Structure formats: C-alpha cells, structure tokens
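In: quick one, structure for this:
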Amino acid sequence: MAGDVRTIRLVDDPQALTRIVAQRFVRLAQECIKARGRFRVAMGFQGDLIAIAQLLTTSEFKSAVEWGKVSLIFTHDIHAATDHPDNQFARAETSFLQHLPIGTVHRIHGEHADIQSECRRYENDVEPLDLALVSLSPDGTIAAIFPEFDAGMVPRLVEQSRPPGSTQKWITLSPLALSFADHVWVLASGAETAPAVHRALEGDYEPFVNPAQGIHCDGELIWFIDLVAASKLAVGTQA
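Out: Prediction:
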C-alpha cells in the first residue's frame, strides 16, 4: 500500500480485537448518523467478522446505534445456491440480521446463474461506503479478492473471482470499491495469519499476490492485528 497513511493497532488477542472494533464501529455509526443521517458499512460474515456481528447484537451494543439508519452492503458472496455453507447472506441472517432492525440490506444474489449480470446489478446497487470492514485470511485473501485476482483492463466496483486452482466462483467488491470507503479497517488474528500480515505490510509491493496491498484509502486506513498475527512484523506499531 505504498503512499497510504495507515495505522497499525495491536491488540492482545481475538477477543480484544472483537471488542475494540465493535466499540469503534458503534462510535463511527453514531458520528455518521448524526452528520448525514445514515451509516453505510460493507462487510462479510466469517471469522472475526462474525464475532463482531454477534457482539453488536448484544444488549451492551444493540441500543447504541439507530439500526434503522444503517445500510449493510455485503463485501462478497459465493456464486452458489443459498444453502451453500459459505453463503454470506445465510450467515448474516443467523448472526446479525435476525437480531437487529437494519434499515437497508444490499444483498449479493450469488444463486443467480448469470454471474456477470449479477455483478453489474450489484455494482449499480452499492452505496458509497462510510466503512469497509474486512479481514485478512491466512492465504492473503481480502473479502473474496484472492491471490492472483485480476481486475482486467477496466477495473470495476464489483468483480467475479475464484481461488487459485479452484473452479468455484465468487462475487466481490473490488479493491477499487473498497478503496473508495471513507474508513477501511483490516482485521487479522491468529498465528496462521502472521505470514500474510508480514507480506501485506512489509513485503514487496505485489498486489497480484498480496491483495490487501491493492487497497488504497485516502481516508482512514487501520489494521487491527492481534499479537500473534503481528509476530513477524518489524515495523513500529501502536499498542
């Protein structure tokens, strides 16, 4: 992410990461709703993101946000039937949507056969983002932006993608779309993620191999990393 101003926030463990991000989520939602009457957040539902979503539905956080003024935009979803175990909307329903009165939900219809048509429909449906909340996978994936992701000659806001060596397709917000967010928060936890964190933050600039490097944010870019995931970093960090 050459040229970007980023903050690296170290936390003790995944539980601390979940709580800190949930607290900041609430504060940012309150600020955006007060300023513009709306909070527009893009996220997926796996790993740390599900834990944050579940924490936001608890009594401690639930009453702190005017959820009817929140727009939820999915960062990605699998191109498969809705009963697929990786379906992000199904995960969101059980962990988040059934418990909070979200005002607007922008869903990716991954079950549609024509993936290119769904990409274009979703591109027209996506709102400008106040927050893009994403997590880094051990292989370096962000949302469904996998290593070896190719945006093509004309980058779009929504693209189809697939993991290297797999035929399974996904629909994802592109690095371009995530970069347009006013705030981008990248989460990373666990020892298995440490090599990917190191490659993304201190490795050679190779966004084709390390997709997180392709996200360039003119606003606030924060990496929330637990101690074991940060164990291979040499840079100065903010504890």
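In: now do the helices in the chain.
Out: Using DSSP state H, the helices found in the chain span residues 14-36, 48-56, 59-62, 88-92, 115-125, 175-179, 194-202.
In: other SSEs contacting the third one?
Out: What it means is helix 59-62. Using 3 or more C-beta pairs under 8 Å, 6 or more residues apart in numbering; DSSP states H and E, no helix or strand is in contact with helix 59-62. For the C-beta atoms, the positions are set from N, CA and C on the backbone; glycine is no exception.
In: what's in contact with it?
Out: Ala22, Val26, Leu55, Leu56, His99, Leu100 (C-beta atoms under 8 Å, 6 or more residues apart in numbering).
In: out of those, grab the one that's most surrounded.
Out: Highest neighbour count within the contacts of helix 59-62, by other C-beta atoms under 10 Å: Leu56, with 23 neighbours.
In: one step back: of the contacts of helix 59-62, which is the nearest to Ala212?
Out: Ala22 (21.8 Å; C-beta to C-beta).
In: tell me the contacts of the residue most central in space within the chain?
Out: With distances taken as C-alpha atoms, centre = their mean, Val134 lies nearest the centre of the chain, 2.1 Å away. Val134 is in contact with Met43, Gly44, Leu49, Thr75, Ile142, Ala143, Leu178, Val184, Trp185, Val186, Leu187, counting by C-beta under 8 Å, 6+ apart.
In: need the per-residue pLDDT for it.
Out: Looking at Val134, its pLDDT is 98.
In: okay, and the beta partners of it?
Out: Val186 (DSSP bridges).
In: how near is it to Val186?
Out: Relative to Val186, Val134 is positioned 6 Å away (C-beta to C-beta, to the nearest Å).
In: any residues in contact with both of these two?
Out: Ile142.
In: re the thing from before, in a markdown table, list the contacts of Val134 along with neighbour count, pLDDT and distance to Thr193.
Out: A markdown table is the format used below for these (neighbours: other C-beta atoms under 10 Å; pLDDT from 0 to 100; distance: C-beta to C-beta, whole Å):
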| residue | neighbour count | pLDDT | distance to Thr193 |
| --- | --- | --- | --- |
| Met43 | 26 | 98 | 18 |
| Gly44 | 23 | 97 | 16 |
| Leu49 | 23 | 97 | 14 |
| Thr75 | 26 | 98 | 18 |
| Ile142 | 30 | 96 | 12 |
| Ala143 | 31 | 96 | 15 |
| Leu178 | 27 | 96 | 19 |
| Val184 | 28 | 97 | 18 |
| Trp185 | 25 | 98 | 15 |
| Val186 | 25 | 98 | 11 |
| Leu187 | 26 | 98 | 9 |
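In: that'll do, ta.
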